[in-house]
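Colleague: Can you look at this prediction? I've put the sequence above it.
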Amino acid sequence: MGEHRTVEHELAPGEGESGTQILVLDLDVVEDFGRTIRMRLGERGKVVELLKEVRTFIHGQNFDPPKRDEDREGHGWFLSLNVRQPPWARGGMAKEPPPARCRESGTVIAMPELPEVESVRGALADLVGGKFTPGRTSIYPRYAGAGSAAGVLHDVRRRGKWLILGFDAGTTQCELVAHLGMTGKFLVTGAPLDVPHLHASWTVTFPGGDERWLGYADPRRFGRLVVVEPGLYETIRGLAELGPEGTDAGASRLALRQARSSRRSVKAVLLDQRVVAGVGNIYCDEALFASRIHPERAICDLTSKECRELSRNLARILLGSIQAGGTTFRDYRKPDGSRGENVANLRCYGRSGLPCQRCGEELRASVVAGRGSTHCPRCQH
């Protein structure tokens, strides 16, 4: 089963096409109600933690007790967790709870998207020219390869929500490919790191003798660190298939126009990294609100003018968030530990139940493409 982060995600009876999909357990999966999540038993602690993650991120904490059973084909033992649709998803309540909030604190939980990752890239670029010497390495397979990333850092790039750090060790070159997941963060300090959930660390020595320390911490362990030969990304699921950057209005407009052959919702298309890279729930909702487009509207119904307007608003909103250092609700931090300040610029995401800043109508919440969504029923069509 590998890293115990992949689940067999099986359609429940009556939910459309039969069959089994193999998906990575992340916020998209645990928000996908009415399905059964079956986790192959591995190390006991990891399985228990996976169940805890599901408990944390399902709206309303509404699910059946987990049970241990044997696979019918004899392929091993599984933990089965039947995720029930909460009342608001079935239409039994007027609206859903605020999207993705922590049960204990009520804080909105959001995965870092393009602006947050770009802000991290800009901070790590200050380490270019430093010689990296690996320190701590993780026992978890999803980070274990990071210890082989060594040498002089000569390049820091971003592609979608991925970071790519290029190293030159003289006779060999490599790239460290990083994904922040939900709670992953790079930390840059002037003293050796001693922080919880640290999965990788390096001492960075500059030509003048100055030293810095870089670490990667990830409490919930949805992130990933992979070392590859330069440019060889075929083994990294998702990276090699990315569409144009959301900040490129021209390229994303063409991608949206080409996607009009599909009947998927416009929100599902925007969240598809193969169509437009780097867009997640926050900036998808914001761009659709700015463009007056309902998230459930089929992409095939959009006109060329609407595709142009949507791509322009998306690029503008992403670039504005980059200028603000990204959006911090709870976990996201820049490498110096500071928060992103873009929350003040949000006009739609996470504001369900509040009046629309454009027309005064109450913003409504729904589930679109398996994600909690917010829209204005009067402005967005």
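Modeller: Thanks, I have the structure now.
Colleague: Okay, domains of this protein per the record?
Modeller: With domains defined by automatic domain parsing, the chain comprises 6-82, 114-241, 249-375.
Colleague: I'd like the average pLDDT over the first one.
Modeller: Averaged across domain 6-82, the pLDDT comes to 37.
Colleague: returning to what we had before: could you save the domains of the chain as TSV and add columns showing mean neighbour count and distance to residue 381?
Modeller: Quick note: C-beta positions are derived from backbone N, CA and C, even for glycine. Below are these laid out as TSV (neighbours: other C-beta atoms under 10 Å; distance: least, C-beta to C-beta, whole Å):
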stretch	mean neighbour count	distance to residue 381
domain 6-82	15	25
domain 114-241	18	26
domain 249-375	20	6
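Colleague: among these, which gets the worst mean confidence?
Modeller: Lowest mean pLDDT within the domains of the chain: domain 6-82, at a mean of 37.
Colleague: now the helices for the stretch 101-250 of the chain?
Modeller: 114-124, 249-258 (DSSP state H, counting those that start in this stretch).
Colleague: what would the ones you listed look like in JSON lines with distance to residue 345?
Modeller: Shown next, in JSON lines, are those (distance: least, C-beta to C-beta, whole Å):
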{"stretch": "helix 114-124", "distance to residue 345": "11"}
{"stretch": "helix 249-258", "distance to residue 345": "18"}
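Colleague: closest one to residue 137 among these?
Modeller: helix 114-124 (19.1 Å; C-beta to C-beta).
Colleague: and that closest one, how far from the chain's centre?
Modeller: Here helix 114-124 shows a centroid-to-chain-centroid distance of 14 Å under the convention C-alpha atoms, centre = their mean, to the nearest Å.
Colleague: What separation do you get for residue 257 and residue 121?
Modeller: Separation of residue 257 from residue 121 (C-beta to C-beta, to the nearest Å): 29 Å.
Colleague: Apologies, that question was intended for residue 365.
Modeller: 32 Å.
Colleague: same check, this time on residue 135
Modeller: 22 Å.
Colleague: Residue 334 contacts residue 327, doesn't it?
Modeller: No - at 11.6 Å, residue 334 does not count as touching residue 327 under the criterion of C-beta atoms under 8 Å.
Colleague: Common neighbours of those two, please.
Modeller: residue 340 (C-beta atoms under 8 Å, 6 or more residues apart in numbering).
Colleague: Show me what residue 175 is bridged to.
Modeller: residue 166, residue 228 (DSSP bridges).
Colleague: Identify the residues contacting residue 155.
Modeller: Contacts of residue 155 were listed using C-beta under 8 Å, 6+ apart, and they are 128, 164, 165, 166.
Colleague: And for residue 279?
Modeller: By C-beta under 8 Å, 6+ apart, the neighbours of residue 279 are 113, 114, 246, 270, 271, 273, 287, 314, 318.
Colleague: again, 7 Å this time
Modeller: 113, 114, 246, 270, 271, 314 (C-beta atoms under 7 Å, 6 or more residues apart in numbering).
Colleague: ditto for residue 277
Modeller: 159, 160, 242, 243, 244, 245, 246.
Colleague: how close does residue 304 sit to residue 258?
Modeller: Residue 304 is 12 Å from residue 258, by C-beta to C-beta.
Colleague: Likewise for residue 367?
Modeller: Per C-beta to C-beta, residue 367 is found 27 Å from residue 258.
Colleague: measure stretch 276-294 end to end?
Modeller: Start and end residues of stretch 276-294 are separated by 18 Å (C-alpha to C-alpha, to the nearest Å).
Colleague: can you give me the offset of that stretch from its chain's centre?
Modeller: Chain-centre distance of stretch 276-294: 15 Å, with C-alpha atoms, centre = their mean.
Colleague: likewise stretch 299-319?
Modeller: Counting by C-alpha atoms, centre = their mean, stretch 299-319 comes out at 21 Å from the chain centroid.
Colleague: again with stretch 269-276
Modeller: With C-alpha atoms, centre = their mean as the basis, the mean position of stretch 269-276 lies at 13 Å from the chain mean.
Colleague: Show me the contact partners of it.
Modeller: 160, 238, 241-244, 246, 252, 255, 259, 262, 279-280, 284, 299, 369, 371.
Colleague: Please verify my assumption that residue 120 contacts residue 336.
Modeller: No - applying C-beta atoms under 7 Å, one finds residue 120 not in contact with residue 336, separated by 10.3 Å.
Colleague: check contacts around residue 267.
Modeller: Residue 267 touches 284, 288, 295, 368, 369, 373, counting by C-beta under 7 Å, 6+ apart.
Colleague: ok, so of the residues you listed, who is nearest residue 208?
Modeller: Using C-beta to C-beta, the contacts of residue 267 come closest to residue 208 at residue 284, 44.5 Å.
Colleague: Look up how far residue 174 lies from that closest one.
Modeller: Counting by C-beta to C-beta, the gap from residue 284 to residue 174 is 34 Å.
Colleague: what do you get for residue 319?
Modeller: Distance from residue 319 to residue 174, by C-beta to C-beta: 31 Å.
Colleague: Over to residue 202?
Modeller: Distance from residue 202 to residue 174, by C-beta to C-beta: 13 Å.
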